[in-house]
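# sequence and predicted structure, then a few things I'm wondering about:
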Amino acid sequence: MGARFIQVSAVYFLIGVVVGLVMGIAEAFQYTSAHAHINLLGWASLAIVGVIYSIYPEAGKTKLANAQFWLHNIGLPLLIVSMILFANGVIGVGIPLASIGGLLVIASVVLFLINAFRNVKARA
Ligand code: HEM
Ligand code: HEM
């Protein structure tokens with residue numbers, strides 16, 4: 001899964017920097033949270049996980065890694081959409097979306113934690 005995490009992180013990276021530039025030029029700073037999380041949860045976190053799974057392929061091959069990948073990549077877009085809705089004052093739909101998206105991302109991190117302790121082993 002290492003390569004897939006890195007490939008998806010590159011997609012978030014491009015979206016994140018484009019949003020940053022457009023937001024800066026338009027002075028639409030209400031989108032800062034969406035921009036920050038596309039870059040930090042999308043680009044930075046997924047790239048770090050991808051590098052870890054490339055260094056420890058035995059952890060990257062597990063069902064835990066696969067489930068982590070999908071939970072993160074379903075949860076994060078929901079979280080980002082909720083942040084865009086909040087930026088536009090749409091609170092009613094934003095709260096359940098943020099809750100579901102945030103919980104899915106947290107669940108993916110829990111799987112990563114379990115996988116790291118079970119399958120990332122120090123080498124002799
Ligand atoms: C071409 C690339 C980028 C542009 C043009 C850009 C632009 C911006 C702008 C205009 C802001 C709002 C600043 C403010 O509210 O005063 C911002 C905030 C932020 N950006 Fe970027 N950004 C870029 C790339 C990145 C990357 C690669 C990351 C992370 C890996 C990142 C992380 C953040 C964070 C965390 C904030 C919020 C900072 C805070 O809360 O004070 N940005 N960015
Ligand atoms: C389930 C995961 C996460 C949720 C639900 C979440 C949610 C939030 C929320 C609600 C805010 C306040 C936004 C605002 O005031 O408009 C925030 C701010 C921030 N978060 Fe997160 N966050 C998560 C994970 C992370 C991670 C993993 C990082 C870094 C790697 C991060 C970095 C930041 C930064 C830099 C800010 C301040 C920038 C800004 O939005 O203005 N967050 N987060």
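Noted; the coordinates are in hand. Ligands and ions are numbered 1, 2, ... in the order given.
# quick one: contacts of the host helix or strand of Ser33?
Taking DSSP states H and E as the definition, Ser33 sits inside helix 32-37. With Cβ atoms under 8 Å, 6 or more residues apart in numbering as the test, helix 32-37 has contacts from Gly16, Val19, Gly20, Met23, Leu76, Leu79, Ile80, Met83, Ile84, Phe86, Ala87. C-beta here means a position set from N, CA and C on the backbone, and glycine is covered the same way.
# tell me the first helix or strand C-terminal of that helix.
Sequence order places helix 45-55 as the next helix or strand after helix 32-37, per DSSP H and E.
# contacts for that following helix?
With Cβ under 8 Å, 6+ apart as the criterion, helix 45-55 contacts 1-10, 12-13, 59-60, 65, 68, 72, 112, 116, 120.
# average pLDDT across it?
Per-residue pLDDT over helix 45-55 has a mean of 98.
# can you pull the buried residues of the next helix-or-strand element following that helix?
Next along the chain after helix 45-55, taking DSSP H and E as the criterion, comes helix 57-60. Neighbour counts over helix 57-60 (16 or more other Cβ atoms under 10 Å) mark Ala59, Gly60 as buried.
# quick one: buried ones out of the contacts of helix 45-55?
1-2, 4-6, 8-9, 12-13, 59-60, 65, 68, 72, 112.
# and the residues you listed, which of them are in helices?
2, 4-6, 8-9, 12-13, 59-60, 65, 68, 72, 112 (DSSP state H).
# neighbours of Leu104, how many?
Using other Cβ atoms under 10 Å, Leu104 has 20 neighbouring residues.
# which pLDDT value does the model give it?
With respect to pLDDT, Leu104 scores 98.
# what do you get for the one 4 residues further on?
On pLDDT, Ser108 comes in at 98.
# and Ala124, by the same measure?
For Ala124, the model assigns a pLDDT of 68.
# find the closest residue to ligand 1 in the chain.
Of the residues in the chain, the one nearest ligand 1 is Gly20, at a distance of 2.6 Å by Cβ to the nearest ligand atom.
# contacting residues for that residue?
For Gly20, the residues meeting the contact criterion (Cβ under 8 Å, 6+ apart) are His35, Asn39.
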